[in-house]
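1. sequence first, then the predicted structure, then my questions.
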Amino acid sequence: MRSLALAVPALALVALALYPTIATGYGLRAVLQVFTWIALAGSWNLISGLTGYVSFGHVAFFGAGAYTGGILMASAGWSWPVAALLGGVAAGVLALGMGWTCLRLKGPYFAIAMLGLNEVLRALVSYFEGLTGGGNGLSMPTLDATVPIYYAMGVTALAVTLGARLIIGSRFGLRLMTIREDEVAAEAMGIPTFRHKLLAFLLSAIGPGIAGALTARDQGYIEPLSVFPLATTITMIVMALFGGKGTVWGPVIGAIVLFVAQEMVWARYPYIHPLLFGAIIVAVVLAMPRGILGLLQMKYRLPRTI
Amino acid sequence: MNVVITPAMIGQVVISGLLSGVLYSMVALGLALIFGVMRIINVAHGPLLMLGAYTTFFLYSAFGLNPYLTVPISMAVLFVVGLVLERTLVFRVIEAPELSSLLLTFGISIALVNAAQLAFTSDLRAVEYLTGSWVIGPFAFSKSRVIAFVFAGALTGGAFLFLKSTRLGKAIRATSQSRDVAMVCGIDVGAIHRLTFGLASALAAAGGALIAMIVAIQPEMGQIWTFKSFLVIVLGGAGNYPGALLGGMLLGLVEQLASLFLTTQLSEVVAYVLLVIVLLVRPTGLLGGRQT
């Protein structure tokens, strides 16, 4: 059983690494997007799945990374791998600032403060036209780097997932989950809750920052509306929720299943896509709030670090 | 940006701020009611307002009704919509953690917006009824805004009176103070939840009907109102109903002042910074609310 649990992901990794040699343009792009969603949903899971603090504007970090990376590539002419890493750094700095102020808020107040952060970043990016191109957007120099970006995004998704595995298996992760269950009790047991939340928040921002910068490079063009949509936040939340929040593989499963479902719907019914997406959200929330892995964990004796 | 700011301009800005502030108060009162009674933040509040605006538009354009007469009809229609939404979906997440209710109402929200796009198309529509302004001294009073102010003031006042002195209003306030004790006192808490959701939707609809005469109508007009209503209730103190009144006025003023001294684009940013400061200094809002 244990060797099987190792063999399946290892085989999947090898297959994904070899995939670009046989892939069609569409296939490569689809897998690239799945990687992006894994990175986003997995990162959201680090703060919200583990500590219970609902980040309702997590796309803000994606957008911040996209614009940091985008500006460095377009205006300063930096190479994309460096720009992508700095996108992650910028998102981390933003998370420290935001977390230091807003992680004191509880429950829905934190969720709304994060929702607002996203709106504000979008307004600021539109306002400072000289730096960001404003509503006209920002174009990157042309470069065909789909395959390298495929690998970079894959590594990002892998790093987020492995990071989640390490955190969930560690004392740090246990403390985060204690905060989720009862923050006052956690404090009383001597856990410095604020510092733990801040660190989790920081870690949860880096992945989206890198993914944002990579997406900016991949698409070659970004604008405020394309990198700060609330729908992206909701999509990553629903993916994590569907797979099982607070688990290692939940966001991965959720990202794959929902992306495939969405692609099939998107291609067939573009006009009612939001309607169907709304229905999926309602269904996931009402029918399976614990997600696939959560249900399996309840039914069978599975390890916590699944 | 070398505009000289005269006292008359500031006066004008204060007038505009207060005129739109009461609209904010009324719409936000709906959100505050739902939050107070059900502990839910209804992300679909703005799209409900949008439906109210479309109801008014169609009654006006198809039946030639006086748009001000359509306000009570819009409210009645959305009261029923709210009732149905609560009875079918929202009541299931009342006890759940906040993530469930946020997501559920967001799902309802995008479904409503999409349905409106399909049914009404994304074309901009307008109810051109009362245009122009009354000019008194150095100040201009936009006619439609003044009448909206009067309507919103009256409706908000009526809502307060209802909450304060009727049996049902008292039952709503009792439920918002403690669901369990209210239940022990013989209040049908489920019915109060439905009623509250219907009432809140009706207040949003009144906002939509009045706004329909001021700005263009389109399916995505609502979302910004959800966010503004959040701002208002947090500023005033979530679950504190008079606080919504104060918060609405404050938001109206701040927005207008920000657009005078900075630019219109940044008024949202200023409002948000205000929100974060209030949350940090007085997390329970200016008039004090309740912690969840």
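-> Sure thing, it's come through.

2. buried set for stretch A:264-281?
-> For stretch A:264-281, burial by neighbour count (16 or more other C-beta atoms under 10 Å in any protein chain shown) applies to A:Ile272, A:His273, A:Pro274, A:Leu275, A:Leu276, A:Phe277, A:Gly278, A:Ile280, A:Ile281. Where you see a C-beta, it was placed from the backbone N, CA and C, and this is true even at glycine.

3. typo on my end, it should be stretch A:135-155
-> Quick answer for stretch A:135-155 (16+ other C-beta under 10 Å): A:Gly137, A:Leu138, A:Met140, A:Pro148, A:Ile149, A:Tyr150, A:Ala152, A:Met153, A:Gly154.

4. check stretch B:258-276 too.
-> B:258-260, B:266-272, B:274-276.

5. can you check stretch A:187-205 too?
-> Buried residues in stretch A:187-205 (16+ other C-beta under 10 Å): A:Ile191, A:Thr193, A:His196, A:Lys197, A:Leu198, A:Leu199, A:Ala200, A:Phe201, A:Leu202, A:Leu203, A:Ser204, A:Ala205.

6. could you dump those to TSV with pLDDT, distance to B:Glu128 and secondary structure?
-> Shown next, in TSV, are the buried residues of stretch A:187-205 (pLDDT from 0 to 100; distance: C-beta to C-beta, whole Å; DSSP: H, G, I helix; E, B strand; the rest coil):
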residue	pLDDT	distance to B:Glu128	secondary structure
A:Ile191	91	61	coil
A:Thr193	91	56	helix
A:His196	94	57	helix
A:Lys197	94	52	helix
A:Leu198	95	53	helix
A:Leu199	95	56	helix
A:Ala200	95	53	helix
A:Phe201	96	49	helix
A:Leu202	96	52	helix
A:Leu203	96	54	helix
A:Ser204	96	49	helix
A:Ala205	96	47	helix
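
7. longest helix of chain B?
-> Among all segments of chain B classified by DSSP state H, the helix with the greatest residue count is helix B:7-38.

8. name the next helix or strand downstream of that helix, please.
-> helix B:45-63 (DSSP states H and E).

9. quick one, the next helix or strand after that next one and helix B:7-38 angle?
-> From helix B:45-63 onward toward the C-terminus, using DSSP H and E, the following helix or strand is helix B:67-88. Counting by axes from the mean of the first three to the mean of the last three C-alpha atoms, to 10 degrees, helix B:67-88 lies at 30 degrees to helix B:7-38.

10. helix B:67-88 near chain A at all?
-> No. Applying C-beta under 8 Å from any C-beta of the partner chain, one finds helix B:67-88 separated from chain A by no less than 10.0 Å.

11. low-confidence ranges in chain A?
-> A:1-2, A:305 (pLDDT under 70).

12. helix or strand: which one has the most centrally placed residue in it?
-> Residue closest to the mean C-alpha point of chain A, counted by C-alpha atoms, centre = their mean, is A:Leu40 at 1.2 Å. According to DSSP H and E, A:Leu40 maps onto helix A:25-44.

13. and that helix, what does it pack onto?
-> helix A:59-74, helix A:146-168, helix A:193-219, helix A:230-243, helix A:250-268 (3 or more C-beta pairs under 8 Å, 6 or more residues apart in numbering or on different chains; DSSP states H and E).

14. extract the C-alpha trace of the last one and format it as PDB.
-> Taking C-alpha atoms only, helix A:250-268 is exported to PDB below (Å, rounded to 0.1, in the frame of the first residue of the first chain):
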ATOM      1  CA  GLY A 250      -7.300  17.800  -1.700                       C
ATOM      2  CA  PRO A 251      -6.500  20.900  -3.700                       C
ATOM      3  CA  VAL A 252      -4.700  18.800  -6.300                       C
ATOM      4  CA  ILE A 253      -7.700  16.600  -6.800                       C
ATOM      5  CA  GLY A 254     -10.100  19.500  -6.700                       C
ATOM      6  CA  ALA A 255      -8.000  21.500  -9.300                       C
ATOM      7  CA  ILE A 256      -7.800  18.600 -11.700                       C
ATOM      8  CA  VAL A 257     -11.500  17.500 -11.500                       C
ATOM      9  CA  LEU A 258     -13.000  21.000 -11.500                       C
ATOM     10  CA  PHE A 259     -10.700  22.200 -14.300                       C
ATOM     11  CA  VAL A 260     -11.600  19.300 -16.500                       C
ATOM     12  CA  ALA A 261     -15.300  19.800 -15.700                       C
ATOM     13  CA  GLN A 262     -15.000  23.500 -16.400                       C
ATOM     14  CA  GLU A 263     -13.200  23.000 -19.700                       C
ATOM     15  CA  MET A 264     -16.000  20.600 -20.800                       C
ATOM     16  CA  VAL A 265     -18.700  23.100 -19.800                       C
ATOM     17  CA  TRP A 266     -16.800  26.100 -21.100                       C
ATOM     18  CA  ALA A 267     -16.400  24.600 -24.600                       C
ATOM     19  CA  ARG A 268     -20.100  23.700 -24.800                       C
END
